[in-house]
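*Asks:* Got a predicted structure here, sequence first:
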Amino acid sequence: MAQKSIHEYSAKKLIAGELPKYFPEFNYHGKLAVITPDTKWEELVKDNPWLKTDKLAAKPDQLFGKRGKANLLLLDASLADLKSFIKEKMDKEMIVGETKGTLNRFLVEPFIPHDKEFYVSITSDRENDIIHFSLEGGIFVEENWDKVLHIPIPIGTDIDAFNLAEKLPDLGELEDVVVSFVKGLLQVYIDQDFAFMEINPFAVTEDKLVVPLDLKARLDDTAAFKHSDTWGNYDNPIKFPVSFGQKFSKEEEYIRSIDEQTGSSLKLTVLDRDKRIWTMVAGGGASVVYADTIVDLGFGNELANYGEYSGNPSREHTELYAQTLIDLMTKKPDPKGRPKILLVGGGIANFTDVKATFAGIVSALRKSADKLKKVNVKIYVRRGGPNEKEGLKLMKDVGEEMGIPIEVYDRYTPMTRIVPLALKE
Amino acid sequence: MEDYELFNRDSQAIVYGFQRNAIQRMLDFDFVSKRDKPSVAAIIRPTQAGAIGYHKVFWGGKEIVIPIYKTLELAAKNHTTADVLINFSSFRSSHPTSKEALETESIRVLVIIAEGMPERQSRELIKLAKEKNKIIIGPATVGGIRAGAFKIANTAGTIENIIKSKLYRPGSVGFVSKSGGMSNEMNFMISQNTDGILEGIAIGGDRYAGSLLIDHILRYEANPQVKMIVCLGEIGGMDEYSIVEAVKDGRVKKPLVMWVTGTSSKIFPAGVQFGHAGAMAGSDMETADAKNKALAEVGIIVPESYDTFGDKIRETFEKLKAEGKIEPLEDFEPPQIPQDYGKAAVQGIVRRPTDVVVTISNERGDILTYNGVPIDKIISEELSLGYVIGLLWLKKELPPFAAKYIELVLKLTADHGPAVSGAHNAIVTARAGKDLMASLASGILTIGPRFGGAISDAAKYFKMALDSGKHPPDFINYMKDVVGINIPGIGHRIKSVQNPDIRVTLLKKFVNENFPKHPYLDYALEVEKLTTQKRNNLILNVDGCIGICFLDLMENLDLTLEEKQDVLDTEVLNGLFVLGRSIGMMGHIFDQKRQRAALYRQPWDEILYASK
C-alpha cells in the first residue's frame, strides 16, 4: 500500500472523466485505444472507428519514458502504418535502464498537429502540492530544468481564488486557457488522490484546445476505497502495473494472493533462488534490519530473498508462507556443497502470537524433513513476544525430533546476532 | 504537564474503538506501574445502541468498569481531563474521526493506529494539528510508551515483556523510531544496555507521519530526565536530515545514538517495496547509506551495522555514568498481575469444573456431529428425519423401520383441524396480532393431560399392565376399580368397530409388517376385544395406538428396562406429539396471517351469562 504508477491510458481516462468538472472547455477527444498481443484488429477498429479516419500516434504504455529517443514513437500515421508498426515492435525485447523486458502494450491516440509544447507536473510534500511549469515542454525539459517554475500551493488553499496567472510566465493570448487547465488539473490531482502527475508535453492547438500528449502518473493506492466510481469501475478497476520488465514468480504471486486475503501482512521477493541464505523474518522493520545485517557483513551476494510476515497472521497462513520458502530453498543444493541457511528471525513482537506463528512454521518444517536434509539446511531462530517461551520450545523440539540442526535464541541474544552466528562459520 | 511531555502518570486516554485486549493491556501496565488511576477514561463505540454503556476490565485482581460512549462529543464532555485520544478506527473512517479529535478542545495528543490512511488525508490532519497546536503519533503505528507512566494501546505487548524490559519504571533514555515492531525490540535492547527508556515512540512507517523523528528528539532534548537519545531511522524520505541540521546548529546537544535501516537496498532491484509504505528511496539522499553517513559526519554516534547498535548504546550510557550524569534510580518489584484464566488454561496450569454436560451433539470440531454422527454423513447418505430424531432424542442410530415409524407418527399428529384446543388457541393468538413464536407457544401450552396427553398415558398404563402380567380382564377392572379412570387410548367419539379409524388401521398394518415383534399392540388388541363387547366405540384410538406401538418400537431396539423407562419418564412421547402438532399449528398461524384475519372475539350467543 503506497504510491503506485498507473498506465498512461488509465491516467488519461481518469483526467478525461474528471477534468471537465473544473475546466469545462477541456473538450478532450478521449480517443484512446490499447493494443496488446491479444488484441483483435477487427474488434479494435469496430470499437474505435476513429482509427480509420484520424491520423494516428502510437507508443508503448509500459511505465517508461524517453520513447521518442528509443525510436518507439509512431506519429502522423494511417491505420496501415499502425499495423506494421505494431507488427514490428510487439513482443520485442528491449532494455530500459538496466532492466530487460518485453514490449506488449501500446497506446494509440489521434495525432494532433501543434506548434507549442508546454510542461506541467504536480508533486507533493508534507505541506504543499507543487506545480512545476515550463513554456518549453518536450524532450528538452530535463536539460532546461532551471527554466521550470515551481509553485507551491499549501494544502487547503482555495484554488479558484488562487492567482496562478501572476506566478506563471507571460502566456499572451493563451493565458486564460492554460491557467484554467492547470488549475483544473490540480483540482483533479487533489480530488483523485494522485501522488504524482507529469504531462510532458501538453499542446495547445490553433483553436485553443488543450491536448495532453505524454503523461505519467502515480496514484496513492491507499485511497482506492474512496474512488471505486472513478478509478475504473467495479468490473474493471484501474490497474497498478509492475514496472517494465518486472515479473513475479509463481511463488511471489502465490504469497501476494494469500496476503490479499488477510488483514495481516505476508510479503516475499525472491532475489535469486539459487542463492544460499534465506530469511523468514517477522515484522516490516525487522525484516529490513536482517537484510541489512547480511549485506553489512558482506554476504549480500548470497542472499536469496527478502520478505516479512507481520500483523499476527494465523497459524495456517504462516505455515503456507513457510512452506513456500522451504520449497524454494530446497529445490537445488548449494553448488559448492555448503549448507543452506534459513534465518527465522524477528524482534520482540508487540502482539503477534509467537507460539501460533511458530506452530505454523513447525508444521511446514515437519512436512519437509527429507527435503531439508537433502540440501543440508541449517536453521537459526531468534524471536520474542507473546508466548515466546512456548513458541521457541516448539522450534527446539522439532529440530531434535527431525534431526535437523536448528539453533534457537531468545530475546537475550541481540536480534541480528544469528546472522554472524550462521554465516561466519 | 510540560510542553516536552506527551503524557505522564496522571494522563488519561479516550480509546476510539472497542479494543478489549489493548485496553486491558493498558490497565495491566498501569497496575504494575503503580499508577493511581487507570489510563483509560472512556471508550467510544459508534456502533453501540445506547448513548452510554460500560465495559468491565481488570485492575489487578479486581474488576472495574470503564464507560463506553457512542460519540466522542459525549466522551469528551464527561471526561474533560482525558487529553489523549487513541484512534483505532479503520483506514476508511480514521480521517473523519481523527479530524473530530483534533477539533475537540480537550484532546492534546492524537494517536492514529490504522495502516493505509490516504496520504492526502494524513497531510490534511498534519496541517490541522499544526494550527491547533496538537501532536499526532501515527498513522500506521503501535503508538509508544512512557515508562512507568503511560502506555499507548498494544505498545510493548504483554505484561511479561513490560516487566522484562523494565517499562514499569522510568529510565534515562529517550527513544524514537518509525517501526512499531522494532520499537518493542529496541525498548528491550535498551533496557539490557542502559537503565532503560524514559519514553519510546514509534511514529509509524507512512510517508507522511503525523510527527517526525526530529519532533520527538527535540522533546527529549528539552526533557531533563532524558540523558541520552536513541533513534532508529529508515530508508526513504528526508526526515533524518532535519536531525543532522539540529545537531549541526546546536539544538540537539545530548548524546544521540542512531542507525538508519535499509542499507541493503543497494542489492535489491528497483521497485522492491520494503515493509513500510514510506520505505523506498526516491533519490540517493534518501538511501540509508547516505543518511548514516550524513549523521556520522555531524558527530552523531552511528554504529557499523545494526548488529553493534546495542554496543554503541551501552558505551554511550557507561560514559555518561562515569561522568556522573546518570542518577541512580529506585527500582522496585512490580506488583503481580494475576494470570488470565484463559491463558493459564491453555498452558495447563489451572483447571475449573464445568457447569453443563452435553452428550448429544458437538459443533466445536471440524464438522457438526449429532450424537457422534457427522452431519455430512447424514446428508450424503440421505439419512431420514426419523434417524436424526433417534440420534438427538434417544441417542440411538435407529434402524430404518423405527425411523420410519417416528416419521409416520409425525405425519399422523401433524394436524387435527382448527377446532381442537391447541389449534384454536394458536389461531386466536395469531389473530390478536402476535408473532409466530407467541402464537405457536400459545397452542403448545394447551397440550397436557386433556389435549394430546393420551399418547403418553396410554403407553404408561399399557406398559404397566403387560409388564406386571395382568390379564386383559384384570387390567380393565384394575383401571376401573383401582385407578378410577377410563383406559387411556381406548374409545372414540364417532368411530367404532363398524366404522374404523383409517389412521389406526394403517398404523397397525405398518407395525405388523415391519416390527419384528409387537407384544404391546397384541395385548392392546386383546383389551380392545373386551371393551368393544361393552360398547362398539370403545376401540383402540389413534393416540393409544401411537403410544402403545412406541412401546413395541423400544422392544425392538437394544434397550434395557431402565433405558426404556427413561424414554417414557423424559417425555419423549409428548415430544413426538408437540413436534408433530407444531407443524399443523404453524400452518394455521400462517393461514390466518395470510388472510390478515381480524381479532377473534367469541360471539355472545356462545356464552351463557349466568350472572346479572
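*Replies:* That came through, no problem.
*Asks:* A helix includes B:E397, no?
*Replies:* No - assigned with DSSP: H, G, I helix; E, B strand; the rest coil, B:E397 falls outside any helix and is coil.
*Asks:* Now do the strands in the stretch 301-450 of chain B.
*Replies:* Using DSSP state E, counting those that start in this stretch, the strands of the stretch 301-450 of chain B run over B:361-362, B:369-370, B:373-374.
*Asks:* Stretch A:173-193 and chain B in contact?
*Replies:* Yes - on the criterion C-beta under 8 Å from any C-beta of the partner chain, stretch A:173-193 is in touch with chain B at A:190, A:193. Every residue, glycine included, has its C-beta placed from N, CA and C.
*Asks:* Not counting the lengthiest helix in chain A itself, show me its contacts.
*Replies:* Longest helix in chain A, counting residues (DSSP state H): helix A:175-191. Here helix A:175-191 makes contact (C-beta atoms under 8 Å, 6 or more residues apart in numbering or on different chains) with A:14-15, A:18-19, A:21-23, A:25-26, A:118, A:120, A:122, A:129, A:131, A:133, A:153, A:159-160, A:162, A:164-165, A:168, A:171, A:194, A:197, A:199, A:202, A:204, A:208, A:210, B:120.
*Asks:* Select from the residues you listed every entry located in helices.
*Replies:* A:14-15, A:18, B:120.
*Asks:* what's the most distant pair in those residues?
*Replies:* Using C-beta to C-beta, these span at most 17.3 Å, a distance reached by A:I15 and B:R120.
*Asks:* Which segments of chain B make up each domain?
*Replies:* B:13-322, B:361-448+B:581-600, B:454-574 (automatic domain parsing).
*Asks:* how far does stretch A:399-419 stretch from start to finish?
*Replies:* Its start and end residues considered, stretch A:399-419 measures 19 Å (C-alpha to C-alpha, to the nearest Å).
*Asks:* Now do the buried residues in it.
*Replies:* A:399, A:402, A:404, A:406-409, A:411, A:414-419 (16 or more other C-beta atoms under 10 Å in any protein chain shown).
*Asks:* ok, it near chain B or not?
*Replies:* Yes - under the criterion of C-beta under 8 Å from any C-beta, chain B is reached by stretch A:399-419 at A:411-412, A:414-417, A:419.
*Asks:* Out of these, name the ones that lie in helices.
*Replies:* Per DSSP H, the residues of stretch A:399-419 next to chain B map to helices at A:V419.
*Asks:* From the residues of stretch A:399-419 next to chain B, which land in strands?
*Replies:* If you go by DSSP state E, those have nothing in strands.
*Asks:* will you turn the residues of stretch A:399-419 next to chain B into TSV that also has pLDDT?
*Replies:* Output for these, formatted as TSV (pLDDT from 0 to 100):
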residue	pLDDT
A:R411	96
A:Y412	96
A:P414	94
A:M415	96
A:T416	95
A:R417	95
A:V419	96
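*Asks:* before we move on, back to that, tabulate the ones in helices among the contacts of helix A:175-191 (a markdown table), appending neighbour count, distance to B:L383 and pLDDT.
*Replies:* Formatted as a markdown table, the ones in helices among the contacts of helix A:175-191 follow (neighbours: other C-beta atoms under 10 Å in any protein chain shown; distance: C-beta to C-beta, whole Å; pLDDT from 0 to 100):
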| residue | neighbour count | distance to B:L383 | pLDDT |
| --- | --- | --- | --- |
| A:L14 | 22 | 58 | 95 |
| A:I15 | 25 | 63 | 96 |
| A:E18 | 19 | 61 | 96 |
| B:R120 | 24 | 60 | 97 |
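*Asks:* and of those, the nearest to B:F31?
*Replies:* Using C-beta to C-beta, the ones in helices among the contacts of helix A:175-191 come closest to B:F31 at B:R120, 41.0 Å.
*Asks:* Let's see which of the contacts of helix A:175-191 end up in strands.
*Replies:* A:118, A:120, A:122, A:129, A:131, A:133, A:153, A:194, A:197, A:199, A:202, A:204, A:210.
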